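A.B. asks: Below: sequence and its predicted model.
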Amino acid sequence: MARRRQIYEGKAKILYEGPEPGTIIQYFKDDATAFNAQKKGTISGKGVLNNRISEHIFTLLGQIGVPTHFIRRLNMREQLVRQVEIVPIEVVVRNVAAGSLSKKLGIEEGTQLPRTLIEYCYKDDALGDPLISEEHIACFGWATQEEMHDIADMAIRINDFMCGLFAGIGIRLVDFKLEFGRLYDGDYSRVILADEISPDGCRLWDMVTNEKLDKDRFRRDLGGEVEAYQEVARRLGLLPEGLDTTVLDLDTHRKKREKEEG
């Protein structure tokens with residue numbers, strides 16, 4: 001098999017040249033980073049779980065008419081996607097106060113926001129992905145006004161859908177990040193959903209216990225990251241039934257596992 005040409009390597013994924021023009025292979029790594037890569041580690045099996053979870057959510061979004069870059073999953077760690085020009089803006093959708101919002105504005109974590117909040121950050125690791133306004137976006141030409149309308153509309157639609165999806169499996173969608181890209185057809189381009197949607201870029205809390213089922217377990221040294229990601233996949237129906245994988249109390253589960261390994 002001919003060696004594939006690597007196009008880009010990010011914190012959680014590697015992009016390779018696709019088999020057809022206009023396609024890319026997106027490979028999901030087990031690497032975990034936090035605080036703009038200041039904290040690094042590995043979550044064994046994370047890439048496999050994120051590939052499945054992202055495939056599932058992108059497929060469902062496609063079915064309700066949200067245009068995405070997803071074509072199909074190729075294997076356990078890879079999916080085929082459309083090649084896009086990434087808009088250099090990270091879109092953060094918040095339903096509940098948490099993370100940097102709580103820290104910056106002194107709002108207690110877990111406070112339900114009076115309305116859904118959409119934030120924009122400039123995609124630049126060296127600068128720490130700074131928070132920006134729509135005025136910055138217009139001033140520096142990072143996206144057109146029409147593109148920003150489409151992005152905001154899609155973000156709200158995706159949020160409405162995902163809130164319902166996760167509420168149906170007992171998970172509170174606290175916040176999540178999205179990335180968009182321009183898909184070109186000749187001189188014309190349209191903005192579509194790109195990147196991934198997984199516990200890496202979402203805050204997901206169990207509705208009953210408030211247990212964190214996302215990357216905050218890594219950020220905050222809570223442990224049990226793999227079990228948390230597995231639990232999200234299990235509730236979404238992506239893990240084989242009959243396996244004893246239900247994890248509601250991650251602390252107890254982790255201690256039991258450490259005891260077995262010790």
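C.D. replies: Done, it's in. Numbers count the residues shown, from 1 in each chain.
A.B. asks: Low-confidence ranges, the stretch 151-262 of the chain, go.
C.D. replies: For the stretch 151-262 of the chain, the stretches flagged by pLDDT under 70 are 241-262.
A.B. asks: Repeat the analysis, applying 80 as the threshold.
C.D. replies: Where the stretch 151-262 of the chain drops to pLDDT under 80, the residues are 240-262.
A.B. asks: Strands of that one, start to end?
C.D. replies: 171-185, 188-194, 202-206 (DSSP state E, counting those that start in this stretch).
A.B. asks: In the sheet, which strands lie alongside the first one, parallel or antiparallel?
C.D. replies: According to DSSP bridges, strand 171-185 forms sheet pairs with strand 85-96 (antiparallel), strand 188-194 (antiparallel), strand 202-206 (antiparallel).
A.B. asks: Tell me which residues of that strand come out buried.
C.D. replies: Under the neighbour-count criterion of 16 or more other Cβ atoms under 10 Å, strand 171-185 has 171-183 buried. Placement of C-beta: from N, CA and C, glycine included.
A.B. asks: Please state the offset of it from the chain centre?
C.D. replies: 7 Å (Cα atoms, centre = their mean, to the nearest Å).
A.B. asks: Go ahead and name everything in contact with stretch 155-164.
C.D. replies: 57, 60-61, 64, 66, 91, 93, 95, 116, 118, 173, 176, 178, 193, 197 (Cβ atoms under 8 Å, 6 or more residues apart in numbering).
A.B. asks: Restricted to buried residues, select those in PyMOL.
C.D. replies: Those of the contacts of stretch 155-164 that count as buried under 16+ other Cβ under 10 Å are selected in PyMOL with:
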select buried, resi 57+61+66+91+93+95+118+173+176+178+193+197
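A.B. asks: if we can go back for a sec, in TSV, list the strands of the stretch 151-262 of the chain along with distance to residue 31.
C.D. replies: Formatted as TSV, the strands of the stretch 151-262 of the chain follow (distance: least, Cβ to Cβ, whole Å):
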stretch	distance to residue 31
strand 171-185	17
strand 188-194	20
strand 202-206	18
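A.B. asks: Can you show me the helices along the stretch 51-200 of the chain?
C.D. replies: 99-105, 134-140, 145-167 (DSSP state H, counting those that start in this stretch).
A.B. asks: Rebuild those as TSV, extending it with distance to residue 13 and mean neighbour count.
C.D. replies: Shown next, in TSV, are these (distance: least, Cβ to Cβ, whole Å; neighbours: other Cβ atoms under 10 Å):
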stretch	distance to residue 13	mean neighbour count
helix 99-105	22	13
helix 134-140	25	13
helix 145-167	20	16
